[in-house]
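K.L.:
For reference, the sequence and a predicted model appear below.
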2 protein chains.
Amino acid sequence: MKLDLELTATTIGELANELRSVLGADAITTSDGLREQHGGGESYHPIAPPDIVVFPSSAEAVVRVVDLCRAYGAPMVPHGAGTSLEGHLAALHGGVSIDMTRMNRILSVNTGDLDVTVEAGVTRKQLEDRLAPDGLFFPVDPGADATIGGMVSTSATGTTTVRYGGMRENVLSLTVVTPAGEVVRTASRARKSAAGYDLTRLFIGSEGTLGIVTDVTLRVFGIPDAIAAAVSAFPTMDAAVDCAMQVVQLGIPVARMELMDEVQMAASNELSNLSYAEKPTIFFEFHGSAAGVREQADEVGEIAAELGSDDFVWSTDQEERSSLWEARHTAYYAALALRPGSKGFATDACVPISQLAGSIRAVRADIDECGLTATILGHVGDGNYHVVFLIDPDEPSELALAKAVNDRMLRDALEREGTSTGEHGIGYGKIGFLELEHGAAAVGMMRAVKDALDPTGIMNPGKVLP
Amino acid sequence: MKLDLELTATTIGELANELRSVLGADAITTSDGLREQHGGGESYHPIAPPDIVVFPSSAEAVVRVVDLCRAYGAPMVPHGAGTSLEGHLAALHGGVSIDMTRMNRILSVNTGDLDVTVEAGVTRKQLEDRLAPDGLFFPVDPGADATIGGMVSTSATGTTTVRYGGMRENVLSLTVVTPAGEVVRTASRARKSAAGYDLTRLFIGSEGTLGIVTDVTLRVFGIPDAIAAAVSAFPTMDAAVDCAMQVVQLGIPVARMELMDEVQMAASNELSNLSYAEKPTIFFEFHGSAAGVREQADEVGEIAAELGSDDFVWSTDQEERSSLWEARHTAYYAALALRPGSKGFATDACVPISQLAGSIRAVRADIDECGLTATILGHVGDGNYHVVFLIDPDEPSELALAKAVNDRMLRDALEREGTSTGEHGIGYGKIGFLELEHGAAAVGMMRAVKDALDPTGIMNPGKVLP
């Protein structure tokens, strides 16, 4: 039985009182500012504020929140760092935003087993800082300083996925609070298991629609002996993509291989006062032994040279590497600065790598024909690319045009046997593409799972499933 | 509503007639011999023959079988190469065994995208033979020449999982026929996706209880430039496990790292007329460039020497490698030959690698105290090990003793934050451990998913879920 989701003002008041008495006054707010802040994300989607925001500090507190929300029929929207791009955080039916950022303890670091267990609100950089002194790192890097719980929920991947995999490959186990208020540990600390259904991966990418992740056990890796980086500009986008394709096909174990198009390069030069060639460019990173990274870099350099890149240089110098990756990590802000006052509209698609050049060519032509400003960049080794449209917020026709380009780009990706989102997720921004991508029977199967695990539809309603 | 599963003789006759008219007479049998053969697997579990065996040749034929079985309320048991070890194939409630081995076409090989699509009945070695001329290989190697569909169903892993991952990491997409007779494609050919729930991994490891896999899209890899192998005998099991642990912790990208204990080494020497030291031994394989494999082998050799191994040698010679891996691949038969006339009882557990030495020490002591004969071997880089008990079939007390040792070993693995099966699956042999491992709430969640996707409980009843 589905709930009637919207709450009355009286119910909201009563629920807030109960939550306050359970969590303490400092762990709940109904202030307009914080509600607004929790109803958005970093996307162009309109804000839909929740009625209440809570800040639990423990799994037990989450259970009590869930129990109260269930009793009051209040929708719940789990909230991490707020870096969502497809409207996952919008409280479309009001209710309670469950801000997990106070659950930010690193619970254990097992150097012998190369795993860590962290609360869901720990951020990627916080974890990085904790692991580095032990010579360890966690590889999944979506760019934003997201929480680990948020990264679980959107099945995050990123710059190093070509080598190390994404959340799907690097999460060993989760603790989740179910809509019924039960606490479930999805797996053990073993590297692998064939014991029952894979609840871990059912939750990875479920975007808060099946329950609330409270802690996460992750694989971690030793920091490699040697790390080298290189930048290589290509005469054309096709040549750049061809280079990436050859690197993948030859099995050269690059750790990062990031594409930025000529528009993005110009933007990054401008923002960071750099002087890269304003051409389609790939940033590489190589991990291994000193000899190993040299070998990888030399191999990639040869491929790049054959494809017309005349500036391939690599370096193990830490400072040089940092300034180089700075340009990649600030790409989104550089894009925004291209057009002061504009709002970013970031989207992504992922296709088999043989389809990538054609896919990017088509969307670039479409952007230019529509007279829009947009940069293209991506995790090219995975066939995953992003388009960042720079939209004048006072010009509604621009947003409409960008939406139309996005729509054509995603349909084109599906025709190329790709997916409508490689890593941003469905949220409600791409909800119209789910059935187009998977077909009615597959979506029916997802719906059956949702109804089985969240029978009243109280968990993040209006997301993922139409 | 659950079905009353057992069929009457009249119903079986009617269903067989309908199946015959739909599939053709050469694609169905009710002969005793073939029914017996389809009710077992390679395990010690008693055979439970199905009433009917069918051999569909296409996904459409599978849909028609499913529709008829549903109409007649007949349980269905999907069947691959029959190499199951935990009783997955036993038709505990009779019904129809769906033998997938005629669906053995390789549908596409995309060398540019490093993926292949194969029907579920294609075997691992068949795929290997097809890929080798293109310089490609599929890494998941569970030992047995299983079908790819069977490997999906048990979430197979194996000797190379330490480097390349198992089925979970290497399946891109599946086509499945649901209990309702719908055909679902779980994902695209993209390397990754964040579009909706991960149906692919929900089916991986579901052991035929949610639907029937008809085709599979897999990642494949380029055959490395250089492959080297090494064997290293250690004075003690602890030293051998310590070596494996250091290799993992140092991030040396070994492709294979297989442990065989002194009993297994003696058995393999005997069967294959070899002269290895009868001590705990690790077989290594290294993949990479010529310089890369040398570097890996040298590093591992140093670690081994420090731990008292005085015979570490490595070689890229193809013939030497083959004879070495021959010993590993025939380990099960070597174990059986230790005690002519005995039956093998193979089990597995997987623990965090820091717990592996203690785990193996405990089970070896238990085996010896009980006066049983058993070998221990395993995918030591993953913390996954196997025990093969050699049981006198005329001595029921031996089976009872072995079961008790197995029980203690699995409980010990759970106490060490491990799993009751790393790769063999639950079937019905380990069904008692599911709740012990995951807890009632998690099993309740699995049950809810099962009931949602297979509401009448017609798919492989009695497996995975108690």
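P.N.:
Arrived safely.

K.L.:
For the rest of this, base every contact and every neighbour count on C-alpha atoms.
P.N.:
Noted.

K.L.:
Just give me how far the worst-scoring helix or strand of chain A on mean pLDDT sits from the chain centre.
P.N.:
In chain A, no helix or strand scores lower on mean pLDDT, DSSP states H and E than helix A:318-329, which sits at a mean of 84. When distances are taken as C-alpha atoms, centre = their mean, to the nearest Å, helix A:318-329 is centred 21 Å away from the chain's centroid.

K.L.:
Check stretch A:11-27 too.
P.N.:
Offset of stretch A:11-27 from its chain centre (C-alpha atoms, centre = their mean): 31 Å.

K.L.:
quick one: buried residues of it?
P.N.:
Residues of stretch A:11-27 classed as buried: A:12, A:15, A:16, A:19, A:20, A:23, A:27 (neighbour count, 16 or more other C-alpha atoms under 10 Å in any protein chain shown).

K.L.:
got a list of contacts for it?
P.N.:
For stretch A:11-27, contacts defined as C-alpha atoms under 8 Å, 6 or more residues apart in numbering or on different chains pick out A:28, A:51-52, A:54-56, A:61, A:64-65, A:68-69, A:72, A:95.

K.L.:
just stretch A:252-259 next, same as before
P.N.:
Identification of contacts with stretch A:252-259 by C-alpha under 8 Å, 6+ apart yields A:159-164, A:240, A:244, A:247, A:280-287, A:296, A:300, A:328, A:377-381.

K.L.:
can you pull the pLDDT of the residue nearest the centre of chain A?
P.N.:
A centroid search over chain A (C-alpha atoms, centre = their mean) returns residue A:156, at 4.1 Å, as the residue closest to the centre. pLDDT for residue A:156: 98.

K.L.:
How about the contacts made by it?
P.N.:
By C-alpha under 8 Å, 6+ apart, the contact list for residue A:156 reads A:140, A:142, A:166, A:167, A:205, A:423, A:424, B:194.

K.L.:
cool, and residue A:53?
P.N.:
The contact partners of residue A:53, taken as C-alpha under 8 Å, 6+ apart, are A:28, A:29, A:30, A:34, A:35, A:38, A:96, A:97, A:98, A:99.

K.L.:
again with residue A:149
P.N.:
Residue A:149 touches A:80, A:119, A:120, A:121, A:122, A:213, A:214, A:215, A:216, counting by C-alpha under 8 Å, 6+ apart.

K.L.:
ok, whatever residue of the stretch 51-200 of chain A ends up closest to chain B - how many residues close by?
P.N.:
Nearest to chain B, among the residues of the stretch 51-200 of chain A, is residue A:193, at 4.2 Å (C-alpha to the nearest C-alpha). When neighbours are defined as other C-alpha atoms under 10 Å in any protein chain shown, residue A:193 has 29 of them.

K.L.:
helix/strand/coil for the closest residue to it other than its chain neighbours?
P.N.:
Once flanking residues are discounted, residue A:193 sits nearest to residue B:422: 4.2 Å by C-alpha to C-alpha, 6 or more residues apart in numbering or on different chains. Under DSSP: H, G, I helix; E, B strand; the rest coil, residue B:422 falls in the coil class.

K.L.:
what sits against residue B:422?
P.N.:
Residue B:422 touches A:192, A:193, A:194, A:195, B:348, B:349, B:350, B:384, counting by C-alpha under 8 Å, 6+ apart.

K.L.:
I would like the residues contacting stretch A:441-454, please.
P.N.:
A:178-180, A:209-211, A:434-435, A:457, A:465, B:182-186, B:196-197, B:199, B:445, B:448-449, B:452-453.

K.L.:
Please type out the PyMOL selection for whichever of those residues turn out to be buried.
P.N.:
Only the buried entries of the contacts of stretch A:441-454 go into this PyMOL selection, using 16+ other C-alpha under 10 Å:
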select buried, (chain A and resi 178+179+180+209+210+211+434+435+457+465) or (chain B and resi 182+183+184+185+186+196+197+199+445+448+449+452+453)
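
K.L.:
Got the phi and psi for the nearest residue to residue A:102 once chain neighbours are set aside?
P.N.:
Distance criterion C-alpha to C-alpha, 6+ apart; nearest residue to residue A:102, sequence neighbours excluded, is residue A:57 at 5.4 Å. The phi and psi values for residue A:57, taken as degrees, to the nearest 10, are phi -110, psi 0.

K.L.:
for chain B, what are the nearby residues on the stretch 251-400 of chain A?
P.N.:
A:251, A:292, A:350, A:351, A:352, A:353, A:354, A:382, A:383 (C-alpha under 8 Å from any C-alpha of the partner chain).

K.L.:
again with the stretch 51-200 of chain A
P.N.:
With C-alpha under 8 Å from any C-alpha as the criterion, the stretch 51-200 of chain A meets chain B at residues A:112-114, A:154-156, A:169, A:182-199.

K.L.:
now, which of the residues you listed lie within helices?
P.N.:
Using DSSP state H, A:169, A:199 are the members of these that sit in helices.
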